[in-house]
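1. What shape does this take:
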Amino acid sequence: MIISVTTGGAPPAEQIRDQIAGLITTGQLPAGERLPSVRQLAGDLGLAPGTVGKAYKALEADGFLITRIGAGTRVNPDAVSIPDAVVHAARALGATGRAADLDLDDVIRIVRATW
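-> Reported below is the predicted structural model:
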């Protein structure tokens, strides 16, 4: 699992939440997969444990993760992954949007307008 946090954008906890949710919905983090502990991921990212804890709690509330004492934090078996065709189309749209020098908000507006 590769997570990165950038400065100047969304708050770090939100970036972590979004990236892990994306990994789960695209199937890159399968059901039952164990995530690093809050302290481990915080240390890896150079963040406070509370920041990672906040992201994990939000992912639990959204149904992506389950935390059990002794078993750690794992991907919820009931978390739904997105079909491969949709993931490939989204990646193609992202690449096309970047090639056209659009920002994410522009691409999202286009998707919403065509929905």
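2. Need the single longest helix in this structure, by residues.
-> Using DSSP state H to define each element, the chain has its longest helix at helix 84-99.
3. what are the phi and psi angles of the residue of the chain most remote from its centre?
-> No residue in the chain sits farther from the centre than Ala100, which is 24.7 Å out by C-alpha atoms, centre = their mean. Dihedral angles of Ala100 (phi, psi; degrees, to the nearest 10) stand at phi -90, psi 10.
4. picking up where we left off before, give me the helices and strands touching the helix or strand just after the longest helix of the chain, please.
-> Tracing the chain past helix 84-99, the next element assigned as helix or strand by DSSP states H and E is helix 104-114. If you count contacts as 3 or more C-beta pairs under 8 Å, 6 or more residues apart in numbering; DSSP states H and E, helix 104-114 packs onto helix 84-99. Any C-beta I mention is one placed from the backbone N, CA and C, and that applies to glycine too.
5. got a list of contacts for the helix it packs on?
-> Thr26, Gly27, Leu104, Asp106, Val107, Ile110, Val111 (C-beta atoms under 8 Å, 6 or more residues apart in numbering).
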